[in-house]
Structures are given as C-alpha cells and as structure tokens.
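**Student:** Here is a sequence together with a model predicted from it:
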Amino acid sequence: KMIREIPFDSDRKMMTKIVEFEDKIYVLSKGAPEAILNKVGEGVEGVGVEGVGEKRVDGVKLDFKEKSVVDVVDEQNSLMASKGLRVLGLAWREITLEELNSTNNLNSTNNLERNLNFVGLIGLIDPPRRNVKEAIEKCHTAGIKVCMITGDHVQTAVAVAKSLGIYRSGDRSIRGKDLDGLSLEAICELKPFPTVFARVSPENKLTIVKALQKNNECVAMTGDGVNDAPAIKCANVGIAMGIAGTEITKQAADIILSDDNFTTIVSSIKQGRRVFDNINKFIIYLLSCNSAEIWVVLISVLFSQKSPLKPMNILWANIIADIPPSMSLGVEPFEPSIMMRNPRDPSLGI
C-alpha cells in the first residue's frame, strides 16, 4: 500500500512514492535519468553488474566490464532521446520505519531520495496530434516563428522538433541550465535565437518571453501547467489549454483553447487576419463614399453656392448606398494570400 508521495517538481525533476510491501517499506522514484542518477548511492557501479558481464539492449552490446553503469545509462539515455522518446529513470531503496518517521516534515523528505538503487530506463513516445506539422508549416509561411519550450531531454526535444518542422537546418537548441548563466541582454543577442529550449524551469520560460519582447517580437505563449502561468501572463497573448490546463493558467491567459489543439491557434490567426482585412475594406469604402459627400458640400459653402445635396439625399446615400455594401465587406471570405504574408507591426495604425 502507498504510505506517502513526494510529488514531481521542476527543480528536482523527479517524484517519489513510499510504499509498504510484505512488511517492508520501499522508496520508489522516477524522473529524469540525470536526476535519478544524482540520487543513486555509491554502489551504482555495482548495480546490475554482478553476474551479467555483457547484455544486449535493442541489439546494442553493453559491456559492463569496460564501462560503468553510469556511462552505459548515459549512452542509452542519449540513444533513446535521439529517437524522440521521453526517457524516465527508475530507482528504489528499502528504508526502516524509523527513517520514515524521521522524515515527516517537508524539509527532510529529500533525505528519502538518496542512496537509491538504479533499476533502468523507460522510453515513452508522446506522438504529436494530427495536422500539427501542417499547421507549423503554415506558421512559417505566414512569417510566424514557432519555438518549443519543454522540460524534456534536449535530444528528445530536438528529435520531436525536427519531425514537426520546428527545428530546421541552421537552427539552435539550448538547455535551461545554459540559460541560467546568461543575462537577459545576452539571451537577446543569441544569433540565431534558439528554436528549441530543453530542461527549462518556470523562470527560464519567463526569461525567454521577456527576451523575445525585448527584441520587439510579439509573443504568444501556450501552456497548461502552473509553471507556465507566469510566462503566459507576461506574453503579449497568453493561451491556456481548456481541457488539460490548470485554473491558475486559465486565469492568467487571454485565450483558452476549448480543444487543446495547436491547429486551432493557426486557424485563429487566419481568422484574425481576415477580420482585420475586412475592417480595412469597410473603413476605406465608407471614407471614400462619405468624403465625396463632404467635398461636394464643402466646396459649395466655400464658393457661396447652394449645396446640390439635400439632407434627404445624404440620408439616402448613407442608408441605402453605404451601409449594405459596407456590411457585405465585413463578411468577405479569406484572401488567397492571407497566410503567405508576414505579420503586421502591431504599433502601426490602420
């Protein structure tokens, strides 16, 4: 039975459960392989070595006589991550009842996550939704740069980003711990600006948004977790997931996606551009019609002539000749090239 749970957090990059089984108490941990290995005891060199000699995993020969388990785990972690798998490390240890009772407060629970015995790695695939690759391609065509910000291993993130068309030739990836050593100004000056950010913390996400804004970019940030809320709040457009998103994230966002689908964002951009185009058409048409009336009346006044337009003529022109056509312009369909042009500068007026 489960006795206690130490939940996952982005600083530790792991979670732990304390369970009782056959009158013994065990600490069971899972998380990022590097985080798990940091918690493994000095006996890691001997874990799984005795009586093994050599082993094959996915056809790869692992010779424990020449390599430490840490080296082998690191190699296999990189190999699995390069295939786009999310990799989890597993570890455990047995504790006494006295040890458990001495870690009842939050400050001492980390004492449970030490001297663990490493078990192995698990590779999970989280396939992207249908049509996401096509939606990202539309973003590139429309002059919109898509960045991936994730807590996954950098090789996992790059592999997934390549498969979706986010990461292309000449692009750059960076880890959260590398961002920690850079100032905001230094991040702004990165050339090229990274496309994939891996193993990031909530503070990193906020810094990325601020760096893009400092470079005069209009930033839309999407997310679903509590850790995403500060960055979503800071972004020019914050987008939260309506299904998987937490309440805090939804409150921080400007837009909530009811279907948690990236393609909906692209459709919204297309719809927004159509609305803006139609507003322009609407205004230009009304200004052209009304300015003609204004000039006729103004010239008549300047030359002390009787205006050729009577009030009823003006009302007729405005109500019959202006309003119906302008309303039809408001529901004009999409222009064929609407998603083939760069975004407009938000500081420019109509």
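**Tutor:** That came in fine, so what should we check first?

**Student:** Which helix or strand in the protein has the lowest average pLDDT?
**Tutor:** Ranked by mean pLDDT, DSSP states H and E, the weakest helix or strand in the chain is strand 54-57, scoring a mean of 42.

**Student:** Got the domain ranges for this structure?
**Tutor:** According to automatic domain parsing, the chain comprises the domains 2-124, 132-265, 277-329.

**Student:** can you put these in TSV and add mean neighbour count?
**Tutor:** Yep, even glycine has a C-beta here, placed from its N, CA and C like the rest. As requested, these are exported to TSV (neighbours: other CB atoms under 10 Å):
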stretch	mean neighbour count
domain 2-124	15
domain 132-265	18
domain 277-329	13
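
**Student:** would CSV of the ones you listed with distance to residue 342 be doable?
**Tutor:** As requested, the domains of the chain are exported to CSV (distance: least, CB to CB, whole Å):
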stretch, distance to residue 342
domain 2-124, 31
domain 132-265, 3
domain 277-329, 14
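
**Student:** At which residues are the helices of the stretch 151-300 of the chain located?
**Tutor:** For the stretch 151-300 of the chain, helices defined by DSSP state H, counting those that start in this stretch occupy the ranges 154-164, 176-180, 184-188, 202-214, 229-234, 247-252, 262-302.

**Student:** okay, those in JSON lines with mean pLDDT and distance to residue 317 next?
**Tutor:** Shown next, in JSON lines, are the helices of the stretch 151-300 of the chain (pLDDT from 0 to 100; distance: least, CB to CB, whole Å):
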{"stretch": "helix 154-164", "mean pLDDT": "93", "distance to residue 317": "54"}
{"stretch": "helix 176-180", "mean pLDDT": "93", "distance to residue 317": "61"}
{"stretch": "helix 184-188", "mean pLDDT": "95", "distance to residue 317": "54"}
{"stretch": "helix 202-214", "mean pLDDT": "95", "distance to residue 317": "46"}
{"stretch": "helix 229-234", "mean pLDDT": "95", "distance to residue 317": "48"}
{"stretch": "helix 247-252", "mean pLDDT": "94", "distance to residue 317": "48"}
{"stretch": "helix 262-302", "mean pLDDT": "89", "distance to residue 317": "6"}
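
**Student:** Turn the ones you listed into a markdown table, columns for distance to residue 325.
**Tutor:** Shown next, in a markdown table, are the helices of the stretch 151-300 of the chain (distance: least, CB to CB, whole Å):
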| stretch | distance to residue 325 |
| --- | --- |
| helix 154-164 | 43 |
| helix 176-180 | 54 |
| helix 184-188 | 47 |
| helix 202-214 | 40 |
| helix 229-234 | 41 |
| helix 247-252 | 41 |
| helix 262-302 | 7 |
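
**Student:** In a helix, residue 87, correct?
**Tutor:** No. Assigned with DSSP: H, G, I helix; E, B strand; the rest coil, residue 87 falls outside any helix and is strand.

**Student:** State the phi and psi torsions of the closest residue to it other than its chain neighbours.
**Tutor:** Of all residues not flanking residue 87 in the chain, residue 80 sits nearest, at 4.9 Å (CB to CB, 6 or more residues apart in numbering). Note on residue 80: backbone dihedrals following degrees, to the nearest 10 are phi -70, psi -40.

**Student:** looking at this, residue 20 is in a helix?
**Tutor:** No. Going by three-state DSSP, the assignment for residue 20 is strand, not a helix.

**Student:** Could you number the chain from 290 rather than 1 from now on?
**Tutor:** Yep, numbering from 290; the last one is residue 309 now.

**Student:** and the residue nearest to it when sequence neighbours are not counted, how many neighbours?
**Tutor:** Nearest residue to residue 309, sequence neighbours excluded (CB to CB, 6+ apart): residue 290, at 5.4 Å. Close neighbours of residue 290, defined as other CB atoms under 10 Å, add up to 5.
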